[in-house]
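A.B. asks: predicted coordinates and the sequence they were generated for:
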Amino acid sequence: MMTGCRAAAEGAKSAEVEVICSFPIRPYTAIMMELAKMVANGELNAEFIHGEGEHAQLSVVLGASAAGARAYTGSSGVGVTYAMEIYSPMAGGRYPAQMSIADRTLDPPGDFGSEHTDAMSTRDQGWLLGWACSPQEVYDNTLMSYRIGEDHRVMLPQMVCQDGYFISHIPDKVTLGETSQVKEFLPPYRPISPLSLTNPVSHGPQIRPDQGAPMDAMRAQTFLAIPKVIEEATADFARIFGRKYDPFVEQYRLADADIAFFIMGAHSNTARAAVDKLRKEGVKAGMARLRWVRPWPTHQLAEALGHVKAVGVVETSTSYGGAMRGGNLIHELRASLYDLDDRPLVTSFMGGLGGETIWPADFDYMAGVLSKMVKEKRTDRYVYWLGM
Amino acid sequence: MPAFDYNFQKLEPIKSFKAVPEAEQYLPGHRTCAGCGPALNYRLVAKAAGKDTIFIGPTGCMYVANASYLCTPYAVSWIHAQITNAGAVASGIEAAFKIAARKGRHTGPFPNIIVMAGDGGSVDIGLQAMSGMMYRNHKVLFICYDNESYANTGIQTSPTTPYGAATTFTPPGKEIPEGKTLFPKNVPQLVIGGHPAVKYVATTTIAHPLDLMNKVRKALSKPGPTFLHILCPCPKGWLFDEKLTPDMAKLAVETGMWSNYEWEDGVYKYTNVPKKYLPVGDYMKPQGRFAHLKPEHIAKMQAFVDEKIKQVQRPIPVAAAVPVKKLA
């Protein structure tokens, strides 16, 4: 049994990370406390650097990655946003370091609870961005993300996200990989043009405006290639470790569902139980759980949800003033479904904000709204605030 | 951490101009202004450091004017950093080479890791990252090439812009006749006073090339963080004739606007101390940035300098509290 934070640290240790940069902020900070012990005890041969803030944390791992080391950092909440300047240089510089996030609400007011807005705010910066729903998946995503990010077809930094407290601090059963399994799955980091004395290189010179668009297009092109790399890595992971994940979207009792919850992270565990209960009551409910926000699995979502009559997006992040006036996921989900001839009805539920629990009764309420939409064949509202 | 021999470089002092290495590590082909002090400084620093060097270049003149259109003038490895984070990026690079050496992946000399930051990237927006790096005992030389303004963006005031200077953010006007009203930060004292791990701090100018190169070599031969504050006059920002760049630096020393010194093992050593200081007006007169000043403003500057040069005779005891030798 271990928490999500411990699982992340164990993942980093299995990956034999070489440069770690810490700064304290709850709740992710427990990851660094575990790693600090491992380094102090000699279990992990790594440079452990106390950054003077999250901006420094990202900058340190950028430098380390540029110089050829496998680098690791992490944060939560306003720490994630304090580092904002460095996300784009890391992705644009193709430095495949990893950042582990235990989600926390942004200020104000101060609140320790989980909310996805922190990491979601970075979604346009060019990183790989994925969410786990259990400590086991945190460990597994740590290894898979390094494997995918360091693949020469990708070379991008990765954010491994878990909900603060719900995952980061509640222990669950975790099976750690054997050294031989990790070695087979995750080859050493092979930088392409690292800073070097024998082969001098320049990283990050300025460009002319007309050189900007081709470079942006190259980065966009890379994201077209990533789904295949994710599929390969997920399949290889299942072969070597015996744990099988849907590469992009976990589909739970979805095949014949009339209504579905679209969700990511910790609350999907409640959603599964809610689906089981609804099925017993004769409601054909299902769940689609998103594993990657970047790259966004457009076609996979259209395939998984195309046949459903009404989808309820469970939003655990905010997008004030956005097209649907609620959260973020609904925008991209509706865009993903738009080209279908027969689209599901889609609405969203703002839930779990500020770290609030989404209760089984909330899922019953959501199922009621979705069933009414199916019956009336229309969407009255695009956003419902749970419990209000 | 168990003791490990990282094979740090020991660079011998350069005895005379004849002994200066011919090899250039900062090559022609950049697009700095005519008479650029920071570019001359870059050439001297790179020459002194030699080929086993990695530069970290935060945003500033020495980024934008050197690394243009996907081309750079460096014969050694170089990486751009944000104007905010050079100290932290350098820390990560140093850590990566340390772990690579411990794992046997990097063999040969440990690189000379040098941050080349402007005044803003050193002691304004870059102060936090610089301080973090100095505090954490990374083996990095942090250089502040000081041209006394945010020059790359069109000459805006920085914390090292002198009192009375006109910049595009401190234009002299009816209400504010001096332009800049504040006195500058004391850069080397910021570093010396607050960072017990720092091994060596020195100041110099581009008008003292041998002194500059030897301070670079001495700094690079220390086992931990070191800092150089180098005066690099800027014809465009200070508004003087571009052929006078070295003369401006010389005048700065001769008037007491600037002092060359080094701080090593807690001891100050001053060089190029004039027998008699020239009046500060001799330094200010050729510079257009001071052209609007009235005699009372120049008198205020003279009083500031008079106070400053008292320290040359009687070095500040800040370092006495820091037992550097015992920490090393």
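C.D. replies: Everything's here; your move. Residues are numbered from 1 along each chain as shown, chains lettered A, B, ... in the order given.
A.B. asks: outside of stretch A:218-232, which residues touch it?
C.D. replies: A:91-92, A:126, A:128, A:144, A:148, A:151, A:153-156, A:247-248, A:292, A:294-295, A:297 (C-beta atoms under 8 Å, 6 or more residues apart in numbering or on different chains). (Each C-beta comes from the backbone N, C-alpha and C, glycine too.)
A.B. asks: of these, select the buried ones using a ChimeraX command.
C.D. replies: Applying 16 or more other C-beta atoms under 10 Å in any protein chain shown to the contacts of stretch A:218-232 leaves a buried subset, and the ChimeraX line that selects it is:
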select /A:91,126,128,144,148,151,154,155,156,247,248,292,294,295,297
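A.B. asks: narrow the contacts of stretch A:218-232 to those in strands?
C.D. replies: Among the contacts of stretch A:218-232, the ones falling in strands (DSSP state E) are A:128, A:292, A:294.
A.B. asks: relative to residue B:98, how far out is residue A:74?
C.D. replies: Computed with C-beta to C-beta, to the nearest Å, the distance linking residue A:74 and residue B:98 is 21 Å.
A.B. asks: these two - which one has more neighbours?
C.D. replies: Shown here are residue A:74 and residue B:98; by other C-beta atoms under 10 Å in any protein chain shown, residue A:74 has more neighbours (32 against 23).
A.B. asks: where does the more buried one sit: helix, strand or coil?
C.D. replies: State at residue A:74, reduced to three classes by DSSP: H, G, I helix; E, B strand; the rest coil: strand.
A.B. asks: show me what contacts it?
C.D. replies: For residue A:74, the contact set (C-beta under 8 Å, 6+ apart) comprises A:8, A:22, A:28, A:31, A:32, A:57, A:99, A:100, A:101, A:102.
A.B. asks: please apply the same query to residue B:256.
C.D. replies: Contacts of residue B:256 (C-beta under 8 Å, 6+ apart): B:274, B:277, B:280, B:305, B:306, B:308, B:309, B:312.
A.B. asks: pull out the buried members of the residues you listed.
C.D. replies: By 16+ other C-beta under 10 Å, the contacts of residue B:256 give B:277, B:280, B:305, B:309, B:312 as buried.
A.B. asks: quick check: closest non-adjacent residue to the fourth one.
C.D. replies: Here the nearest residue to residue B:309 in space, its sequence neighbours aside, is residue B:256; by C-beta to C-beta, 6 or more residues apart in numbering or on different chains that works out to 4.2 Å.
A.B. asks: distance of the one you found relative to residue B:279?
C.D. replies: Relative to residue B:279, residue B:256 is positioned 10 Å away (criterion: C-beta to C-beta).
A.B. asks: pLDDT score for the closest residue to residue B:304 other than its chain neighbours?
C.D. replies: Nearest non-adjacent residue to residue B:304, counting by C-beta to C-beta, 6+ apart: residue B:183, 6.1 Å away. As predicted, residue B:183 sits at a pLDDT of 97.
A.B. asks: I'd say residue B:183 and residue B:163 touch.
C.D. replies: Yes: using C-beta atoms under 8 Å, residue B:183 is in contact with residue B:163, at 5.0 Å.
A.B. asks: between those two, point out the one with more neighbours.
C.D. replies: Neighbours per residue (other C-beta under 10 Å) separate residue B:183 from residue B:163, with residue B:163 holding more: 18 against 15.
A.B. asks: that one sits in which helix or strand?
C.D. replies: Here residue B:163, judged by DSSP states H and E, is contained in no helix and no strand.
A.B. asks: what sits against it?
C.D. replies: Contact analysis of residue B:163 by C-beta under 8 Å, 6+ apart lists B:178, B:180, B:181, B:182, B:183, B:184, B:297, B:300, B:301, B:304.
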